[in-house]
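Student: below is the sequence, then the predicted model.
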Amino acid sequence: MTRVGVVGATGYAGAELVRILSGHPDVELTILTSRQYAEVPFAKVYPSMAGVVDLACKAYSPDQVCDMTDIVFTALPHKVPMEIVPELVRRGKKVVDLSADFRFSDVSKYESFYQPHAAKDLNEKAVYGLCEVYFDQIKDAAVIGNPGCYPTSMLLPLIPLLKKGFLDTRTIIADSKSGVSGAGRSLSLTAHFCEVHESFKAYKVAEHRHSPEMEEVLSREAGTQVNITFVPHLVPMIRGMLTTTYASLARKASAEDIRNCLADFYSGRPFVRLCADNSVPDTLHVRGTNYCDIGFKVDERNNRVVLISAIDNLVKGAAGQAVQNMNIMLGLNETAGLTGVPFPI
Ligand SMILES: NC(=O)C1=CN([C@@H]2O[C@H](COP(=O)(O)OP(=O)(O)OC[C@H]3O[C@@H](n4cnc5c(N)ncnc54)[C@H](OP(=O)(O)O)[C@@H]3O)[C@@H](O)[C@H]2O)C=CC1
Ligand SMILES: CC(=O)N[C@@H](CCC(=O)OP(=O)(O)O)C(=O)O
């Protein structure tokens with residue numbers, strides 16, 4: 001059995017990793033870390049895990065984590081992983097990092113939207129873990145920069161069409177709605193019940209830190225600089241993310257052309273589902289799963305395509321994709337641990 005540790009296990013993304021990994025057939029969870037809950041049983045922090053997870057959290061110690069693991073997930077705030085991941089890798093561990101610290105090829109972009117980078121050499125070797133696009137590079141990677149939730153939901157429908165030249169790359173607008181768990185477990189006024197319940201608002205309009213992440217990947221895949229306008233919204237639900245992306249067509253394309261392009265690209269890929277004609281993705285249909293559901297409409301009057309995608313921000317947008325990356329890195333079945341049947345409602 002491969003031994004697995006989760007650093008930052010008590011946050012929402014970390015806890016979701018614990019949920020998925022505790023049901024994984026090929027790995028054993030050996031260590032969970034947290035500062036606030038050191039020595040506290042994980043099932044006391046998350047009572048739903050009683051009888052499922054019997055580990056107590058530990059304060060982070062690199063020696064202990066290295067002794068007890070073969071692969072480590074870091075589910076920590078940005079900036080913390082770049083301080084600890086280099087030592088883990090030096091000591092032979094594979095790492096899947098859920099923060100933005102290892103997502104950017106161009107470190108200057110990271111630095112202009114986040115902070116100075118303290119592990120530039122390692123960052124050069126890291127692979128962007130968008131599994132359906134970078135499978136071959138992920139197989140051999142020592143460090144994965146697990147994609148952001150908004151980028152995952154927006155890149156999956158766009159990339160196949162971009163690569164086939166269907167889109168006018170100057171016209172892309174993406175509009176996303178996220179559940180509040182996307183903001184993490186730390187207390188904040190923004191995520192306060194009275195501030196979000198019965199509320200629906202945009203935030204960081206055209207200046208969210210995920211825009212440069214999306215643009216870097218889109219530009220790489222299109223072979224030309226792509227700039228987008230991205231507007232995130234917060235909606236009063238716990239988990240789920242719905243993204244609507246609008247782009248002008250660069251050439252005439254029918255609904256059949258768009259469907260064939262998406263279907264070809266994702267043929268045989270277990271976690272991307274194309275919706276039937278005239279039906280649209282719904283966050284309810286992917287709740288708790290690693291699926292990304294994609295629907296689209298060709299707006300013929302305006303020569304535009306409208307793409308709609310739904311993911312669970314904590315699963316395909318974070319922990320599920322991280323486990324999918326681990327499976328690919330370890331040569332396991334890509335779906336191992338991720339095949340739970342969706343809730344019908
Ligand atoms: N929530 C989501 O939907 C998504 C999250 N992510 C990414 O996953 C990572 C974790 O996010 P999320 O779970 O939401 O965040 P949370 O705030 O819920 O959890 C953060 C975790 O890190 C620990 N932690 C916090 N500060 C530090 C620190 N300075 N040093 C060491 N440990 C620390 C916390 O435990 P303790 O304080 O006890 O140490 C906790 O376990 C982030 O990088 C986030 O961007 C990515 C995609 C989606
Ligand atoms: C609803 C909400 O607040 N969402 C977070 C993004 C989710 C996330 O954790 O993204 P990273 O992995 O890049 O940090 C935000 O807008 O900051």
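Tutor: Cool, got the structure. Residues are numbered from 1 along each chain as shown. Ligands and ions are numbered 1, 2, ... in the order given.
Student: report the buried residues of stretch 224-236.
Tutor: Across stretch 224-236, burial judged by 16 or more other CB atoms under 10 Å covers 226, 228, 230, 231, 232, 234, 235. (Each C-beta comes from the backbone N, C-alpha and C, glycine too.)
Student: tell me the contacts of the fifth one?
Tutor: Right, the one you point to is residue 232. Residue 232 is in contact with 150, 176, 177, 178, 202, 203, 204, 208, 210, counting by CB atoms under 8 Å, 6 or more residues apart in numbering.
Student: and the stretch 101-250 of the chain, which of its residues are near ligand 1?
Tutor: 148, 149, 181, 182, 184, 185, 186 (CB under 6 Å from any ligand atom).
Student: let's see that with 8 Å instead.
Tutor: Taking CB under 8 Å from any ligand atom as the measure of proximity, the stretch 101-250 of the chain contacts ligand 1 at 101, 146-149, 178-179, 181-186, 239.
Student: turn those residues into JSON lines, including distance to residue 115.
Tutor: Output for these, formatted as JSON lines (distance: CB to CB, whole Å):
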{"residue": "101", "distance to residue 115": "10"}
{"residue": "146", "distance to residue 115": "19"}
{"residue": "147", "distance to residue 115": "19"}
{"residue": "148", "distance to residue 115": "16"}
{"residue": "149", "distance to residue 115": "20"}
{"residue": "178", "distance to residue 115": "23"}
{"residue": "179", "distance to residue 115": "27"}
{"residue": "181", "distance to residue 115": "24"}
{"residue": "182", "distance to residue 115": "21"}
{"residue": "183", "distance to residue 115": "19"}
{"residue": "184", "distance to residue 115": "18"}
{"residue": "185", "distance to residue 115": "22"}
{"residue": "186", "distance to residue 115": "18"}
{"residue": "239", "distance to residue 115": "28"}
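Student: filter those down to the buried ones, PyMOL style.
Tutor: Selection of the buried residues among these in PyMOL, burial being defined by 16+ other CB under 10 Å:
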select buried, resi 101+146+147+148+149+178+179+181+182+239
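Student: which residue is the nearest non-sequential neighbour of the residue in the stretch 201-345 of the chain that ligand 1 sits nearest to?
Tutor: Shortest the stretch 201-345 of the chain-to-ligand 1 distance, computed as CB to the nearest ligand atom: residue-wise this is residue 318, at 3.6 Å. Spatial nearest neighbour of residue 318, excluding adjacent residues (CB to CB, 6 or more residues apart in numbering): residue 13 at 4.4 Å.
Student: secondary structure class for the one you found?
Tutor: helix (DSSP: H, G, I helix; E, B strand; the rest coil).
Student: per-residue confidence for it?
Tutor: On pLDDT, residue 13 comes in at 98.
Student: can you pull the contacts of it?
Tutor: 75, 98, 184, 314, 318, 319.
Student: filter the contacts of residue 232 down to the ones in helices?
Tutor: If you go by DSSP state H, the contacts of residue 232 have 150, 210 in helices.
Student: restricted to strands, list the contacts of residue 232.
Tutor: 176, 177, 178, 202 (DSSP state E).
Student: so the third one makes contact with residue 148?
Tutor: No - between residue 178 and residue 148 there is no contact, the gap being 10.7 Å when judged by CB atoms under 8 Å.
Student: spell out which residues of the chain are next to ligand 2.
Tutor: Counting by CB under 8 Å from any ligand atom, the chain sits next to ligand 2 at 13, 78, 98-100, 103, 146, 148-151, 178-184, 190-191, 203-204, 208-210, 213, 232, 234, 313, 317-318.
Student: ok, for the residue of the stretch 1-150 of the chain found nearest ligand 1, nearest residue in space, not its chain neighbours?
Tutor: In the stretch 1-150 of the chain, the residue that lies nearest ligand 1 is residue 11 (1.8 Å; CB to the nearest ligand atom). Distance criterion CB to CB, 6+ apart; nearest residue to residue 11, sequence neighbours excluded, is residue 185 at 5.2 Å.
Student: can you get me a residue count around residue 202?
Tutor: 13 (other CB atoms under 10 Å).
Student: quick one, what contacts the spatially closest residue to it that is not a sequence neighbour?
Tutor: Using CB to CB, 6+ apart and skipping the chain neighbours, the partner closest in space to residue 202 is residue 233 (5.0 Å). By CB under 8 Å, 6+ apart, the residues touching residue 233 are 175, 176, 177, 178, 200, 201, 202, 203.
Student: separation between the residue lying farthest from the centre of the chain and ligand 2?
Tutor: Most distant from the centre of the chain: residue 301, at 34.2 Å, with distances by CA atoms, centre = their mean. Residue 301 sits 34 Å away from ligand 2, going by CB to the nearest ligand atom, to the nearest Å.
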